[in-house]
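Participant: No sequence on hand, only this structure:
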């Protein structure tokens, strides 16, 4: 029951799905929310995969229209919460100021030119990758699309546990006070179960392995950048990490169709 409550806390904080009741916010439930991050991502990914299947199989829309609708849902389902972090972190990074100056910029409610440009590039890349992927869909494609937010939310959870906070207040600090390293020890179990499902469906493991390795690379990159650029993590840095990881995983899936899924 606590785990389910934690899952709903994740839905409430990180998606636009309405949760019509007040949820407890004490540490034991926030810890369960962190444990449920991969399943929260899988929930999002299943929605993406099912939507793509329905649009391709049961509508007369072109591949471009299908890609646009899926791209739009990737934004609407999260309510733009991670995009906000991407914009703020981009404004802070491109200021080329000190770590303290960058943290100050991220607290500024105004959006700068660098934040606008960076989000345009991010969303344009995602639309391009989705469009080309929709032209060559197969069963494994749908599975790997579901895996993209599954892995990106896993990266977010590990960052929350492994990287110190850059400041003592905010969303990231609130979650971090409730977690311990052992909480994410369940993540490998989720990954193994997901891989087993792929095997049961008689699909190639290579695609899942490639995405997993790409996610590990994204974690290492996000960890290094968070420490070097901001002195640790904040809610905005975590949001930027999720968006950056997802676009790199979309790119990985796009490349896989050329080199690993023929």
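Facilitator: Yes, it's here. Fair warning: this is a prediction, and the values are worked out from it, not measured in the lab.
Participant: what's the neighbour count on residue 196?
Facilitator: Each residue near residue 196 was counted by other Cβ atoms under 10 Å, and the total is 10. C-betas here are computed from N, CA, C, even on glycine.
Participant: Kindly report the same for residue 164.
Facilitator: Taking other Cβ under 10 Å as the neighbour definition, residue 164 ends up with a count of 10.
Participant: Touching, it and residue 237? I think so.
Facilitator: No - taking Cβ atoms under 8 Å as the contact criterion, residue 164 and residue 237 are not neighbours in contact, 11.5 Å apart.
Participant: mind listing what residue 215 touches?
Facilitator: 151, 152, 154, 155, 245, 249 (Cβ atoms under 8 Å, 6 or more residues apart in numbering).
Participant: ok, now with 10 Å
Facilitator: 147-148, 150-152, 154-155, 158, 191, 245-246, 248-249, 252 (Cβ atoms under 10 Å, 6 or more residues apart in numbering).
Participant: picking up where we left off before, now do the shared contacts for residue 164 and residue 237.
Facilitator: Shared contacts of residue 164 and residue 237, defined by Cβ under 10 Å, 6+ apart, are found at 226, 231.
Participant: Need the distance between the two termini of stretch 180-193.
Facilitator: According to Cα to Cα, to the nearest Å, stretch 180-193 extends 23 Å from its N-terminal end residue to its C-terminal end residue.
Participant: how far is it from where the chain is centred?
Facilitator: Here the centre of mass of C-alpha atoms in stretch 180-193, compared against the chain's by Cα atoms, centre = their mean, to the nearest Å, lies 17 Å away.
Participant: Contacts for that stretch next, please.
Facilitator: 3, 27, 30-39, 41-42, 147, 150-151, 153-155, 157-162, 208, 212, 215.
Participant: Repeat the analysis, applying 6 Å as the threshold.
Facilitator: Counting by Cβ atoms under 6 Å, 6 or more residues apart in numbering, stretch 180-193 makes contact with 31, 34, 35, 38, 154, 157, 158, 161, all of which sit outside it.
Participant: what does stretch 82-96 give?
Facilitator: With contact meaning Cβ under 6 Å, 6+ apart, stretch 82-96 is reached by 102, 105-106, 111-112, 114-115, 118-119, 229, 236-237, 239-240, 242-243.
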